[in-house]
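Visitor: Below is the sequence, then the predicted model.
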Amino acid sequence: MKQVYLDNNATTRVDPLVLEAMTPHFLQDYGNASSIHEFGQQAREAVETARQAVADLIGCLPKEIVFTSGGTESDNTAIRGIAAGHSGKGRHLITTTIEHPAVLRTMEQLEEEGFQVTYLPVDRQGLIRLEDLHASVREDTILISIMHANNETGAIQDLRAVGRLAREKGILIHSDAVQSAGKIPVDVNDLGVDLLSLSAHKIHGPKGAGALYIRHGVEMNSLLLGGSHERGRRGGSLSSVREIGS
(Lines give C-alpha, C1' and ligand atoms only; values in the text may rest on other atoms or scores of the structure.)
Protein backbone atom coordinates (compact mmCIF):
# COMPACT_ATOMS: atom_id res chain seq x y z
CA MET A 1 0.00 0.00 0.00
CA LYS A 2 1.34 3.42 -0.94
CA GLN A 3 1.90 5.70 2.04
CA VAL A 4 0.95 9.38 1.94
CA TYR A 5 2.65 11.78 4.34
CA LEU A 6 0.18 14.25 5.88
CA ASP A 7 2.15 15.55 8.87
CA ASN A 8 3.92 18.62 7.52
CA ASN A 9 2.87 20.67 10.55
CA ALA A 10 5.11 18.36 12.58
CA THR A 11 8.05 18.40 10.17
CA THR A 12 8.81 18.62 6.46
CA ARG A 13 11.15 16.88 4.09
CA VAL A 14 14.34 18.85 3.46
CA ASP A 15 14.14 20.48 0.05
CA PRO A 16 16.83 19.07 -2.28
CA LEU A 17 17.99 22.61 -3.03
CA VAL A 18 18.50 23.22 0.70
CA LEU A 19 20.53 20.01 1.01
CA GLU A 20 22.60 21.01 -2.00
CA ALA A 21 23.31 24.41 -0.47
CA MET A 22 24.25 22.88 2.89
CA THR A 23 26.58 20.12 1.71
CA PRO A 24 29.69 22.27 1.01
CA HIS A 25 29.57 23.58 4.57
CA PHE A 26 29.96 20.08 5.96
CA LEU A 27 32.76 18.97 3.65
CA GLN A 28 34.60 22.01 2.22
CA ASP A 29 33.76 25.36 3.82
CA TYR A 30 33.74 23.95 7.34
CA GLY A 31 35.61 26.69 9.20
CA ASN A 32 34.45 28.16 12.50
CA ALA A 33 32.49 31.30 11.65
CA SER A 34 34.03 33.03 14.69
CA SER A 35 37.63 32.46 13.51
CA ILE A 36 39.59 35.24 11.85
CA HIS A 37 41.40 33.07 9.27
CA GLU A 38 40.16 32.62 5.72
CA PHE A 39 38.29 29.39 6.43
CA GLY A 40 36.42 31.08 9.25
CA GLN A 41 35.61 34.18 7.24
CA GLN A 42 34.18 32.08 4.42
CA ALA A 43 31.87 30.45 6.96
CA ARG A 44 31.04 33.88 8.42
CA GLU A 45 29.98 35.10 4.98
CA ALA A 46 27.58 32.16 4.70
CA VAL A 47 26.19 32.89 8.16
CA GLU A 48 25.51 36.52 7.34
CA THR A 49 23.91 35.61 4.00
CA ALA A 50 21.54 33.29 5.87
CA ARG A 51 20.90 35.95 8.52
CA GLN A 52 19.91 38.44 5.83
CA ALA A 53 17.55 35.90 4.27
CA VAL A 54 15.79 35.31 7.59
CA ALA A 55 15.59 39.05 8.23
CA ASP A 56 14.04 39.59 4.80
CA LEU A 57 11.47 36.87 5.53
CA ILE A 58 10.05 38.68 8.58
CA GLY A 59 10.90 42.31 7.78
CA CYS A 60 13.60 43.07 10.34
CA LEU A 61 17.27 44.02 10.49
CA PRO A 62 19.88 41.22 10.21
CA LYS A 63 21.38 42.22 13.58
CA GLU A 64 18.01 41.44 15.18
CA ILE A 65 18.26 37.74 14.22
CA VAL A 66 19.88 35.23 16.59
CA PHE A 67 20.40 31.70 15.27
CA THR A 68 19.32 28.86 17.57
CA SER A 69 18.90 25.09 17.41
CA GLY A 70 15.18 25.40 16.67
CA GLY A 71 11.82 26.69 17.84
CA THR A 72 12.05 25.14 21.29
CA GLU A 73 15.32 26.88 22.10
CA SER A 74 13.99 30.13 20.66
CA ASP A 75 10.87 29.95 22.85
CA ASN A 76 12.88 29.10 25.95
CA THR A 77 15.42 31.83 25.27
CA ALA A 78 12.77 34.49 24.73
CA ILE A 79 10.65 33.66 27.78
CA ARG A 80 13.38 32.86 30.27
CA GLY A 81 15.59 35.67 28.97
CA ILE A 82 12.89 38.28 29.53
CA ALA A 83 11.80 36.78 32.85
CA ALA A 84 15.33 36.87 34.23
CA GLY A 85 16.24 40.22 32.75
CA HIS A 86 13.07 42.05 33.80
CA SER A 87 12.21 40.42 37.13
CA GLY A 88 13.06 43.66 38.88
CA LYS A 89 10.11 45.32 37.13
CA GLY A 90 7.65 42.48 37.68
CA ARG A 91 7.15 38.72 37.86
CA HIS A 92 3.87 38.25 35.98
CA LEU A 93 3.59 36.76 32.49
CA ILE A 94 0.61 36.08 30.22
CA THR A 95 0.24 33.25 27.71
CA THR A 96 -2.53 30.97 26.40
CA THR A 97 -3.71 27.46 27.15
CA ILE A 98 -3.00 26.32 23.57
CA GLU A 99 0.69 27.12 23.31
CA HIS A 100 3.35 24.63 22.21
CA PRO A 101 4.86 22.69 25.14
CA ALA A 102 8.09 24.66 24.64
CA VAL A 103 6.16 27.67 25.92
CA LEU A 104 3.86 25.96 28.41
CA ARG A 105 6.58 23.90 30.12
CA THR A 106 8.80 26.97 30.38
CA MET A 107 5.98 28.95 31.97
CA GLU A 108 5.29 26.14 34.42
CA GLN A 109 8.94 26.02 35.44
CA LEU A 110 8.95 29.78 35.98
CA GLU A 111 5.94 29.39 38.25
CA GLU A 112 7.97 26.97 40.35
CA GLU A 113 10.62 29.69 40.58
CA GLY A 114 8.19 32.25 41.98
CA PHE A 115 6.78 33.90 38.85
CA GLN A 116 3.03 34.19 38.29
CA VAL A 117 1.49 33.20 34.94
CA THR A 118 -1.99 33.83 33.54
CA TYR A 119 -3.15 31.26 30.96
CA LEU A 120 -5.78 32.74 28.62
CA PRO A 121 -8.54 30.41 27.37
CA VAL A 122 -9.70 30.38 23.74
CA ASP A 123 -13.16 30.42 22.16
CA ARG A 124 -14.69 27.79 19.83
CA GLN A 125 -12.59 29.11 16.95
CA GLY A 126 -9.41 28.68 18.97
CA LEU A 127 -8.90 32.41 19.41
CA ILE A 128 -8.23 34.38 22.56
CA ARG A 129 -10.67 37.09 23.60
CA LEU A 130 -9.06 40.51 23.74
CA GLU A 131 -11.22 41.42 26.73
CA ASP A 132 -9.66 38.50 28.62
CA LEU A 133 -6.22 39.78 27.75
CA HIS A 134 -7.10 43.31 28.89
CA ALA A 135 -8.44 41.96 32.17
CA SER A 136 -5.28 39.90 32.76
CA VAL A 137 -2.79 42.75 32.43
CA ARG A 138 -1.30 43.89 35.73
CA GLU A 139 1.16 46.54 36.83
CA ASP A 140 3.81 43.84 37.21
CA THR A 141 3.21 42.14 33.83
CA ILE A 142 6.49 41.96 31.92
CA LEU A 143 5.74 39.64 28.99
CA ILE A 144 2.86 38.41 26.83
CA SER A 145 3.65 35.24 24.84
CA ILE A 146 1.00 34.23 22.27
CA MET A 147 1.57 31.94 19.30
CA HIS A 148 0.79 33.27 15.84
CA ALA A 149 -0.71 30.16 14.22
CA ASN A 150 -1.69 26.99 16.05
CA ASN A 151 -0.16 23.75 14.79
CA GLU A 152 -3.30 21.66 15.43
CA THR A 153 -6.25 23.95 14.68
CA GLY A 154 -4.70 26.43 12.26
CA ALA A 155 -6.22 29.32 14.22
CA ILE A 156 -4.35 32.59 13.61
CA GLN A 157 -4.30 35.01 16.52
CA ASP A 158 -4.77 38.76 16.04
CA LEU A 159 -1.24 39.73 17.04
CA ARG A 160 -1.70 43.27 15.78
CA ALA A 161 -4.36 43.91 18.42
CA VAL A 162 -2.25 42.19 21.06
CA GLY A 163 0.74 44.26 20.02
CA ARG A 164 -1.18 47.51 20.32
CA LEU A 165 -2.24 46.64 23.85
CA ALA A 166 1.28 45.60 24.80
CA ARG A 167 2.76 48.87 23.54
CA GLU A 168 0.14 50.92 25.38
CA LYS A 169 0.99 49.14 28.62
CA GLY A 170 4.76 49.01 28.09
CA ILE A 171 4.76 45.20 28.04
CA LEU A 172 7.02 43.11 25.81
CA ILE A 173 5.37 40.61 23.46
CA HIS A 174 6.76 37.30 22.18
CA SER A 175 5.18 35.09 19.56
CA ASP A 176 5.91 31.52 18.51
CA ALA A 177 5.64 31.87 14.71
CA VAL A 178 7.06 28.44 13.94
CA GLN A 179 3.84 27.40 12.17
CA SER A 180 3.21 30.65 10.31
CA ALA A 181 6.53 32.05 9.05
CA GLY A 182 7.11 30.97 5.47
CA LYS A 183 3.46 29.99 5.02
CA ILE A 184 1.61 33.29 5.52
CA PRO A 185 2.99 36.85 5.56
CA VAL A 186 4.85 37.60 8.80
CA ASP A 187 6.20 41.11 9.34
CA VAL A 188 7.41 41.84 12.86
CA ASN A 189 6.84 45.57 12.55
CA ASP A 190 3.32 45.13 11.23
CA LEU A 191 2.51 42.64 14.01
CA GLY A 192 4.18 44.78 16.66
CA VAL A 193 6.08 41.94 18.36
CA ASP A 194 9.33 42.29 20.27
CA LEU A 195 10.46 38.67 20.01
CA LEU A 196 9.53 35.99 17.45
CA SER A 197 10.49 32.30 17.27
CA LEU A 198 11.25 30.49 13.99
CA SER A 199 12.18 26.96 12.95
CA ALA A 200 13.64 25.72 9.66
CA HIS A 201 12.31 22.16 9.62
CA LYS A 202 8.71 23.36 9.38
CA ILE A 203 9.39 24.91 5.97
CA HIS A 204 11.61 22.32 4.24
CA GLY A 205 14.83 23.28 6.00
CA PRO A 206 16.90 20.99 8.25
CA LYS A 207 16.13 19.98 11.80
CA GLY A 208 18.41 21.63 14.33
CA ALA A 209 18.15 25.09 12.77
CA GLY A 210 16.07 27.94 14.11
CA ALA A 211 16.13 31.63 14.85
CA LEU A 212 14.90 34.16 17.37
CA TYR A 213 14.04 37.71 16.39
CA ILE A 214 14.88 40.18 19.16
CA ARG A 215 13.85 43.76 18.47
CA HIS A 216 16.77 46.18 18.68
CA GLY A 217 16.92 47.71 22.14
CA VAL A 218 15.20 44.83 23.98
CA GLU A 219 17.31 43.84 26.97
CA MET A 220 17.28 40.22 28.09
CA ASN A 221 19.49 37.55 29.63
CA SER A 222 21.13 34.84 27.54
CA LEU A 223 19.99 31.23 27.95
CA LEU A 224 23.27 29.66 26.79
CA LEU A 225 26.49 31.12 28.17
CA GLY A 226 29.85 30.74 26.50
CA GLY A 227 31.72 32.82 23.96
CA SER A 228 30.55 36.11 22.52
CA HIS A 229 28.75 34.48 19.61
CA GLU A 230 25.61 36.06 18.13
CA ARG A 231 26.49 39.47 19.58
CA GLY A 232 26.60 37.93 23.04
CA ARG A 233 23.03 36.63 22.76
CA ARG A 234 23.86 32.90 22.46
CA GLY A 235 27.12 31.15 23.30
CA GLY A 236 28.32 28.29 21.10
CA SER A 237 29.90 27.84 17.68
CA LEU A 238 27.42 28.00 14.84
CA SER A 239 26.77 24.70 13.12
CA SER A 240 26.62 24.24 9.37
CA VAL A 241 22.87 23.67 9.45
CA ARG A 242 22.40 27.06 11.05
CA GLU A 243 24.63 28.74 8.53
CA ILE A 244 22.67 27.58 5.53
CA GLY A 245 19.50 25.89 6.70
CA SER A 246 17.51 29.02 7.44
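Guide: Received it, and whenever you're ready, just let me know what you need. Residues are numbered from 1 along each chain as shown.
Visitor: List the buried residues of stretch 39-56.
Guide: Buried residues in stretch 39-56, counted by 16 or more other C-beta atoms under 10 Å: 42-44, 46-47, 50-51, 54-55. Any C-beta I mention is one placed from the backbone N, CA and C, and that applies to glycine too.
Visitor: Do a quick rundown of the helices in the chain.
Guide: 16-22, 24-27, 38-58, 71-85, 101-112, 130-136, 159-169, 188-191, 240-244 (DSSP state H).
Visitor: Which one, of those helices, ends up nearest to Ile146?
Guide: The minimum distance between Ile146 and those falls on helix 159-169, with 5.8 Å, by C-beta to C-beta.
Visitor: Now do the closest one: everything it contacts.
Guide: With C-beta atoms under 8 Å, 6 or more residues apart in numbering as the test, helix 159-169 has contacts from 128, 130, 133-134, 137, 141, 144, 146, 148, 171-173, 175, 190-194.
Visitor: Just the buried ones from these?
Guide: 128, 133, 137, 141, 144, 146, 148, 171-173, 175, 191-194.
Visitor: Which one, of the helices of the chain, ends up nearest to Glu219?
Guide: Using C-beta to C-beta, the helices of the chain put helix 71-85 closest to Glu219, at 5.6 Å.
Visitor: and that closest one, what does it pack onto?
Guide: strand 65-68, helix 101-112, strand 141-145, strand 172-176, strand 195-199, strand 210-214 (3 or more C-beta pairs under 8 Å, 6 or more residues apart in numbering; DSSP states H and E).
Visitor: now the longest one, how far from the centre of its chain.
Guide: Between the centre of helix 101-112 and the centre of its host chain there is 16 Å, according to C-alpha atoms, centre = their mean, to the nearest Å.
Visitor: Quick check: the gap between the closest residue to Glu111 other than its chain neighbours and His148.
Guide: Setting aside the residues directly before and after it, Glu111 is nearest to Val117 in space (C-beta to C-beta, 6 or more residues apart in numbering), at 5.5 Å. Relative to His148, Val117 is positioned 20 Å away (C-beta to C-beta, to the nearest Å).
Visitor: Also Pro101?
Guide: Taking C-beta to C-beta, one finds Pro101 at 17 Å from His148.
Visitor: Tell me the pLDDT of the residue nearest in space to the middle of the chain.
Guide: Among the residues of the chain, the one closest to the centroid is Ser197, at 1.2 Å (C-alpha atoms, centre = their mean). On the pLDDT scale, Ser197 is placed at 98.
Visitor: For Leu212, find the nearest of the helices of the chain.
Guide: Once these are compared by C-beta to C-beta, helix 71-85 is nearest, at 4.0 Å.
Visitor: List the contacts of that closest one.
Guide: Under the contact criterion C-beta under 8 Å, 6+ apart, helix 71-85 has outside partners 66, 68, 91, 93, 100, 102-103, 106-107, 110, 115, 142-143, 145, 172, 174, 176, 178, 195, 197-199, 202, 210-212, 214, 218-224, 234.
Visitor: Pull out the buried members of those residues.
Guide: 66, 68, 91, 93, 100, 102-103, 106-107, 110, 115, 142-143, 145, 172, 174, 176, 178, 195, 197-199, 202, 210-212, 214, 218, 220, 222-223, 234.
Visitor: and Leu27, how many residues sit next to it?
Guide: 9 (other C-beta atoms under 10 Å).
Visitor: Begin at 146 from now on, thanks
Guide: Sounds good: first residue 146 from here, last item Leu172.
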